[in-house]
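> no sequence for this one, just the structure:
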């Protein structure tokens, strides 16, 4: 687990609820079939570098024990991972050279279609909660099962913005921090200005909004102002799948690790999220995260500081 | 003129060569006809906040004396502004809600068609030179007329990348710093990766490349690494015309003001460029720059620091 040598306290545990998938992904750099994916998986593995993770999701009988072993090897508690009769959720898609946009070829919900998150008793008091991109009704289900968590972060997607805007609005009223990408924020708020969109979302109740801009970095908005995190430039991106979830996992993982929810620490967490996303996209599936080390995370965080720095504080 | 209270030396003079135009611009916020524009005008006015500017360009007999008086009021030397028989260059275009992309309705070159930059004797020794977006052959003409300037910066556009790639390459070999926007850099270098594109351009000889990303900020590349300047978020953008040239003017103006060409100072200059561009787009034409004050520039620079800051230096 993460050790920046600065946190004397024990990292707080983290609950992550979302999809577990087998992805078939094609990018200009190649193709991989039925590889490990899903929002809860990317977020959990990214967060596992910082804090102990409890994953809630569902897989089918076909889910390989290798995947289970890998997640366990990252210290991820899988008591909340349901195994249902049927096949695991499958997503198939491709990316063009403009890697910002995933094009879906096929979605097979399979066991995910009837997924109802059921929190094991031991998970109900977990203080840090990440509701990855799932049906807002399920996100509300989870919120009904937790006991006054210290921080709830949620993600969503265009499908729910269009299909269940009122339920999504209800989720946003009940969480502390919201993730959206730039297109989603513009769509949800009906404005081209990300500043206006973020202000609208903050008015619903969240204490912070993070707008992910893919290759252009990320913006953190709080009532006191905003922070712009740069992106990390790569010579080539192998596979952008999971970048947003890796970002979220790194972000909330760092908050659980430090236990510090101040605005300056939210900025650092935004950069740690960017760091994890930048590693994720270097290889297909979660392959890069399998070999990632805390020293590499610390090194890239230092690179982000170098990339963003232009004048010492006065 | 700019006074940050830190520069005891006298700002160095600056030569700016480019177009002087009358623009008709329509954006979601309105329309303005035959207003002052052109790459040399935007760059000169932006730079005039920092250093004395010498403008080289051409206008027709129809160019209003009001415009001349405004440029003079900014301390811009107009000995190099030719007045030719005929009409001033006119550009007409519009922007959709995606303000990153200008759509040209009509271009009337008029007197600009036969423009040949002729430097007054007094301009030949000017130490800081900005070659705004014009035909690379004309940019080379200018370089043949100057006496060993300390810094030469150039801009270009897709039209020359497609039409005169070899002449453009020759320009890039002979300048110190190159500006391109992201689409132009990708097109010129035949790669989607901005990191690869910047490295290719640096290999041609320039000491630095600045890639402008519109609403996503700007990247400065040098052989030692890169810097990412955030963009400034606005509730609404009135008119993006001239943002790139205002950026260039603020950038080279700050360098001429400080006389410091170190990498850390190039970073600051990149932020000053972003500051000037952010003001430019708040209103149509150069209207916002007409009322802009040094205190406002200093205030927004401080805002950029706040937007980009995430951890104090160790």
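Yes, it's here. As the structure is a prediction and not an experimental result, all values here were calculated from the model.

> what parts of the stretch 101-250 of chain A come near chain B?
A:192-196, A:213, A:216-217, A:219, A:225-231, A:233-236 (C-beta under 8 Å from any C-beta of the partner chain). For every residue, glycine as well, the C-beta is placed using N, CA and C.

> how about 10 Å then?
Counting by C-beta under 10 Å from any C-beta of the partner chain, the positions of the stretch 101-250 of chain A adjacent to chain B are A:182, A:186, A:191-196, A:198-199, A:211, A:213-217, A:219-221, A:225-237.

> report the buried members of those.
Buried positions within those, assessed by neighbour count (16 or more other C-beta atoms under 10 Å in any protein chain shown), are A:182, A:186, A:191-196, A:198-199, A:211, A:213-217, A:219-221, A:226-234, A:237.

> which SSE is the closest residue to chain B within the stretch 1-150 of chain A in?
With C-beta to the nearest C-beta, the shortest gap between the stretch 1-150 of chain A and chain B falls at residue A:97, namely 4.7 Å. In this assignment (DSSP states H and E), residue A:97 forms part of neither any helix nor any strand.

> among the residues of the stretch 101-250 of chain A next to chain B, which lie within helices?
A:182, A:186, A:194, A:195, A:196, A:198, A:199 (DSSP state H).

> okay if I get the residues you listed as JSON lines plus pLDDT?
Supplementary listing: these in JSON lines, determined by pLDDT from 0 to 100:
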{"residue": "A:182", "pLDDT": "94"}
{"residue": "A:186", "pLDDT": "95"}
{"residue": "A:194", "pLDDT": "95"}
{"residue": "A:195", "pLDDT": "96"}
{"residue": "A:196", "pLDDT": "96"}
{"residue": "A:198", "pLDDT": "97"}
{"residue": "A:199", "pLDDT": "97"}
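
> for the stretch 1-150 of chain A, give me the ranges with low pLDDT.
A:1-8 (pLDDT under 70).

> all strands of it, in order?
A:14-17, A:21-27, A:30-37, A:53-60, A:81-84, A:89-95, A:102-108, A:128-131 (DSSP state E, counting those that start in this stretch).

> in a markdown table, list those strands along with mean neighbour count.
Below are the strands of the stretch 1-150 of chain A laid out as a markdown table (neighbours: other C-beta atoms under 10 Å in any protein chain shown):
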| stretch | mean neighbour count |
| --- | --- |
| strand A:14-17 | 31 |
| strand A:21-27 | 23 |
| strand A:30-37 | 17 |
| strand A:53-60 | 26 |
| strand A:81-84 | 17 |
| strand A:89-95 | 19 |
| strand A:102-108 | 12 |
| strand A:128-131 | 30 |
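
> would you turn the ones you listed into CSV with distance to residue A:117?
Listed next are the strands of the stretch 1-150 of chain A as CSV, based on distance: least, C-beta to C-beta, whole Å:
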stretch, distance to residue A:117
strand A:14-17, 5
strand A:21-27, 16
strand A:30-37, 19
strand A:53-60, 5
strand A:81-84, 9
strand A:89-95, 14
strand A:102-108, 20
strand A:128-131, 9
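
> out of those strands, which gets nearest to residue A:157?
strand A:102-108 (10.5 Å; C-beta to C-beta).

> and the longest helix that chain A contains, how far out from the chain middle?
Secondary structure of chain A read by DSSP H shows that its longest helix is helix A:263-280. Helix A:263-280 sits 11 Å away from the centroid of its parent chain (C-alpha atoms, centre = their mean, to the nearest Å).

> hmm, back to that, burial count for the residue of the stretch 1-150 of chain A closest to chain B?
11 (other C-beta atoms under 10 Å in any protein chain shown).

> now do the same for the closest residue in space to it that isn't next to it in sequence: its pLDDT.
When the adjacent residues along the chain are set aside, residue A:97 lies closest to residue B:192, with 4.7 Å between them (C-beta to C-beta, 6 or more residues apart in numbering or on different chains). Residue B:192 carries a pLDDT value of 91.

> what's the helix or strand that the longest helix of chain A is followed by packed up against?
Using DSSP H and E, the helix or strand that follows helix A:263-280 in sequence is helix A:287-291. Under the contact criterion of 3 or more C-beta pairs under 10 Å, 6 or more residues apart in numbering or on different chains; DSSP states H and E, helix A:287-291 touches strand A:30-37, helix A:39-47, helix A:65-73, helix A:243-258, helix A:263-280.
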